[in-house]
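In: Sequence unavailable; structure follows:
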């Protein structure tokens, strides 16, 4: 007759770090009607509310506003330029410069410590060379999406 013996190892604990960020404001920071040659800017405060250092990435999520087709929105997102600077002492550091359509998963903050915060300055412009009729009366709905990744 076979014999089986079993024993249980109880109460093992594994935990993960608390990784969290908050942004302020959570409302729109850019709500402007612009024309060729204009640049609009504002800033978002990012705070590490977790318990581990975090790298923070930024993506511009966008889509057509009412009265604008998907293709027209893509043309506008490609024509718009965006600059992202991190406010640091003694001078801001550029984290991204390029097309609005290209602002995807760009690291804007490295190693943000728990309880620390950083100011992210974002400017969006429509170059003066983009003054043709193709983009007149077109609009985008946009969100700036911040994602944190824990770092040692």
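Out: All right, it came through fine. Computed from a predicted structure; not experimentally measured. Numbering: from 1, shown residues only.

In: Sticking with residue 91, tell me its helix or strand.
Out: Using DSSP states H and E, residue 91 sits within no helix or strand.

In: and the gap between it and residue 24?
Out: 23 Å (C-beta to C-beta, to the nearest Å). Where C-beta positions appear, they are placed from N, C-alpha and C, glycine not excepted.

In: for residue 99, same thing?
Out: Here the distance between residue 99 and residue 24 works out to 27 Å (C-beta to C-beta).

In: returning to that earlier point: looking at residue 91 and residue 24, which one has more neighbours?
Out: Using other C-beta atoms under 10 Å, the more surrounded residue of residue 91 and residue 24 is residue 24, with 11 against 7.

In: Surely the more buried one and residue 45 touch.
Out: Yes: contact criterion C-beta atoms under 8 Å: residue 24 and residue 45 qualify, at 4.6 Å.

In: so who does the residue nearest to the spatial centre of the chain touch?
Out: Nearest residue to the geometric centre of the chain (C-alpha atoms, centre = their mean): residue 58, 2.4 Å. Residues in contact with residue 58 (C-beta atoms under 8 Å, 6 or more residues apart in numbering) are 84, 95-96, 103, 105-106, 108, 120, 144-147.

In: Quickly find the element holding it.
Out: Assigned by DSSP H and E, residue 58 belongs to strand 54-64.

In: in its sheet, what does that strand sit against?
Out: strand 106-112 (antiparallel), strand 140-150 (antiparallel) (DSSP bridges).

In: Which elements pack onto whichever helix or strand comes after the first one?
Out: Of the helices and strands lying after strand 106-112 in sequence (DSSP H and E), the nearest is strand 117-125. Counting contacts by 3 or more C-beta pairs under 8 Å, 6 or more residues apart in numbering; DSSP states H and E, strand 117-125 packs against strand 39-48, strand 81-87, strand 106-112.
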